[in-house]
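S.K.: need a structure here:
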Amino acid sequence: MADGYVEGNFLGLSESIPEVDVVILSLPYELTTSYGEGTAKGPAACIAASAQVEIYDSLLSEDLPAGVSIHTAKEWGGFGNSLLAQLDSMTTYLQPWFVGDCFPIVLGGEHGILPTVMQAQSTSLSEITIVQIDAHADLRSQLGGEKWSHACAAARTLEMGVGRLIQIGVRAYSREEAEVIENDSRVQTFFARDLMSPCDGTKVWQELLAVLSSITGPVHLSIDIDGMDGALVPDTGTPVAGGLQMWHAVEAIEVLFANPSAKIISSDVNEIVPGKDSPLTQFTAAMLATKVLACHIHARQEGRWHSPTRNGKERPLIECDYFQSLPV
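M.R.: Sure, this is the predicted structure:
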């Protein structure tokens, strides 16, 4: 726990200066969950659990925040009387923080937040690579008649124009999704059964790390915590056995951020559900978000991430109507 702990702030860190280098954004969104529920309470639970995460990271020469100004923003207010209106409302909430002057880490909320994170980007989507850690491919055309379901999040971002999608840890997917993975050249999927194979897993894991090291251009890192083995996140909405262990995730994140040809412009950690009997799920999510934060700061220190400006916490909102204007 940080000295001078501040309740409600990520890692309990105080905010001493008005400028923002890193912002923690919360989207307590839950409209299309298809199994377990509770993601609306996930971001707040993650922030609370982060108070117990160590602020030391071996990549950094000093404890977090390591000279960086971190702002925990007020959570999204849940505005909108329809699913599409809520997607627009979330985009309105996110956009002021995606202008390139700071690094946003978004806490969710179901994975249906991903299209809003893409719509909020100031970078052309065709230039962006999404790296998706996930048990599920999220490439369905619809689920239960809803095309904006969390099970369709990756598919919708490709339709919106995202240039490339690299998936890690997928192990629960449909025939339809298998066909997309096979036929869409923008999608590269590393299945859990290959990564975790007792015989060939090391070889496939090294292939994945080589791919992460070769990405060029802007990257968004999306971490659905059910990509981790279910033993680590037992309370996420759809826990699946056979996933990544913590050190798999840590290595993948570190290798991605160390890539000198890539600029990780944003990240999200989603499908967080607070546990009733144990804080393990939200604590695992908080550890992953903290690793992302530390890797970003390390990239700053090595000159691989910089911004020409530093802006403050008060930012004007520009109303988004993208999702509601789409043809039905």
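
S.K.: For the chain, which segments are assigned as strands?
M.R.: With DSSP state E applied, the chain shows strands at 22-27, 70-72, 103-108, 129-133, 164-170, 187-191, 217-224, 262-270, listed in chain order.

S.K.: didn't residue 239 look like it was pressed against residue 230?
M.R.: Yes: applying CB atoms under 8 Å, one finds residue 239 in contact with residue 230, separated by 3.6 Å. Yep, even glycine has a C-beta here, placed from its N, CA and C like the rest.

S.K.: give the contact list for the residue most central in space within the chain.
M.R.: Most central residue of the chain, judged by C-alpha distance to the mean C-alpha position with CA atoms, centre = their mean, is residue 268 at 1.9 Å. Residue 268 sits next to 105-108, 113-114, 117, 220-223 when contact means CB atoms under 8 Å, 6 or more residues apart in numbering.

S.K.: swap the cut-off to 7 Å and go again
M.R.: 106, 108, 113, 117, 222-223 (CB atoms under 7 Å, 6 or more residues apart in numbering).

S.K.: Name the nearest residue to it, ignoring sequence neighbours.
M.R.: Spatial nearest neighbour of residue 268, excluding adjacent residues (CB to CB, 6 or more residues apart in numbering): residue 106 at 4.0 Å.

S.K.: how near is the residue nearest to the centre of the chain to residue 178?
M.R.: In this structure, residue 268 lies at 25 Å from residue 178, with CB to CB, to the nearest Å as the measure.

S.K.: One more: residue 6?
M.R.: Following CB to CB, the distance that separates residue 6 from residue 178 is 47 Å.

S.K.: Repeat that for residue 121.
M.R.: Taken as CB to CB, the span from residue 121 to residue 178 is 28 Å.

S.K.: re the thing from before, reformat the contacts of residue 268 into JSON lines and put neighbour count, distance to residue 309 and pLDDT next to each item.
M.R.: Supplementary listing: these in JSON lines, determined by neighbours: other CB atoms under 10 Å; distance: CB to CB, whole Å; pLDDT from 0 to 100:
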{"residue": "106", "neighbour count": "30", "distance to residue 309": "21", "pLDDT": "98"}
{"residue": "108", "neighbour count": "34", "distance to residue 309": "28", "pLDDT": "94"}
{"residue": "113", "neighbour count": "28", "distance to residue 309": "26", "pLDDT": "95"}
{"residue": "117", "neighbour count": "26", "distance to residue 309": "22", "pLDDT": "98"}
{"residue": "222", "neighbour count": "28", "distance to residue 309": "26", "pLDDT": "98"}
{"residue": "223", "neighbour count": "30", "distance to residue 309": "28", "pLDDT": "98"}
